[in-house]
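Student: below is the sequence, then the predicted model.
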Amino acid sequence: MVEILLFDRPRTALEKYRYEQSLEHTGWFIEKLEKELEAYYEHVAQYEKGKEDAQPDSLNNNTGEKNR
């Protein structure tokens, strides 16, 4: 019974180490994905803003040409 406990401790320590490493890697991966998601939202916002800025100009040009 004592021998089992001696072998069980290193195994538990190794499992704990692996678990901590997994958590660390997962946290790093989540941070990376959050940054990519923020960059995506910024890109979409710029695209929508550019689309809105271009749309009134094209409408003004079309209405101006029709009135001539």
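Tutor: Good, I have the coordinates. Residues are numbered from 1 along each chain as shown.

Student: how many residues are close by residue 50?
Tutor: 10 (other Cβ atoms under 10 Å). Where you see a C-beta, it was placed from the backbone N, CA and C, and this is true even at glycine.

Student: helix or strand for it, just tell me which one.
Tutor: helix 2-67 (DSSP states H and E).

Student: and residue 26, how far from residue 20?
Tutor: 11 Å (Cβ to Cβ, to the nearest Å).

Student: give me the common contacts of the two.
Tutor: Common neighbours of residue 26 and residue 20, counting by Cβ atoms under 8 Å, 6 or more residues apart in numbering, are absent.

Student: look up how far residue 27 lies from residue 42.
Tutor: From residue 42 to residue 27 the distance is 23 Å (Cβ to Cβ).

Student: can you check residue 17 too?
Tutor: 16 Å.

Student: if I look at residue 35, what pLDDT would I see?
Tutor: Residue 35 carries a pLDDT value of 97.

Student: just give me the neighbour total for it.
Tutor: Neighbours of residue 35 under the rule other Cβ under 10 Å: 10.

Student: cheers, nothing more for now.
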